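>>> sharing a model prediction with you, sequence too.
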Amino acid sequence: AIAHAAFSVRALAMHHETTSLAYVIREAPRVNIDEARLAALGLPPGPWLRRVRKPTPDEEPAIEIDGVRHDLAALRADLLVERPGACVAYLTDFLLDDAAMERLVPALRGCDTLVCECQYAEADAALAARNYHMTSTQVANLARRAGVGRLILFHLSARYRLPEWRAMLASARAIFPHASFPAGWDAEPAAGS
């Protein structure tokens, strides 16, 4: 794992006859001003809010707003709200068995976008398992169980033609309605790819 003040990257070792990595990239939580609470307190927006959002080690414990002194700690408690940062995960080339599912669901919880391979149709689940790849319904179940925001399916086998790809997307959407292909994936797959 890589941790930075603004983001973190977690790589999970997965099984694809050899090690394959699944990546989860998360922004740090965002601290914002609750504008409804600001209005409810009758306080005007302005540059003074920077001091509320970003404490400094040597700051005064109070701030003057329109001639009235306010306690900074109290303002922070009243006005600051923390929201999770954006999260994207990239998964490809591994066997999505029960053990992998149990590892991935908590790691993906709260992800906005999951970009994931969808190599095989569910009818070919045995072939997918033999080749250490995933099916459209396995991926949709993972997205549903992890509670991700949206699922982008890619890396589909060229063994299928465009109608089968669309059927794979429909089967994923039956389980996880926010599934899609990347923009522009409406052309027939190239032979041999």
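Here it is on my side, so go on. Model, not experiment: these values are computed from the prediction.
>>> H133: how many residues sit nearby?
For H133, the number of neighbouring residues by other CB atoms under 10 Å comes to 22. For glycine as for every other residue, the C-beta is placed from the backbone atoms N, C-alpha and C.
>>> the one 5 residues further on too?
Applying other CB under 10 Å, we find 25 other residues in the vicinity of Q138.
>>> setting aside sequence neighbours, what's the nearest residue to it?
Take Q138 and drop its neighbours on the chain: the residue closest to it by CB to CB, 6 or more residues apart in numbering is L96, 4.8 Å away.
>>> the one you found belongs to a helix?
No: read with DSSP: H, G, I helix; E, B strand; the rest coil, L96 is coil and lies in no helix.
>>> got the contact list for it?
By CB atoms under 8 Å, 6 or more residues apart in numbering, L96 lies in contact with L104, M134, Q138, V139, L142.
>>> which of those has the most neighbours?
M134 leads the contacts of L96 on contacts (other CB under 10 Å) with 27 neighbours.
>>> the helices in this structure, which residues?
With DSSP state H as the criterion, the chain has helices at 35-40, 49-53, 72-79, 98-108, 125-130, 136-146, 162-175.
>>> now render those as JSON lines, adding distance to V115 and mean pLDDT.
Conversion of these to JSON lines gives the following (distance: least, CB to CB, whole Å; pLDDT from 0 to 100):
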{"stretch": "helix 35-40", "distance to V115": "33", "mean pLDDT": "93"}
{"stretch": "helix 49-53", "distance to V115": "32", "mean pLDDT": "90"}
{"stretch": "helix 72-79", "distance to V115": "36", "mean pLDDT": "92"}
{"stretch": "helix 98-108", "distance to V115": "11", "mean pLDDT": "96"}
{"stretch": "helix 125-130", "distance to V115": "18", "mean pLDDT": "95"}
{"stretch": "helix 136-146", "distance to V115": "10", "mean pLDDT": "98"}
{"stretch": "helix 162-175", "distance to V115": "13", "mean pLDDT": "95"}
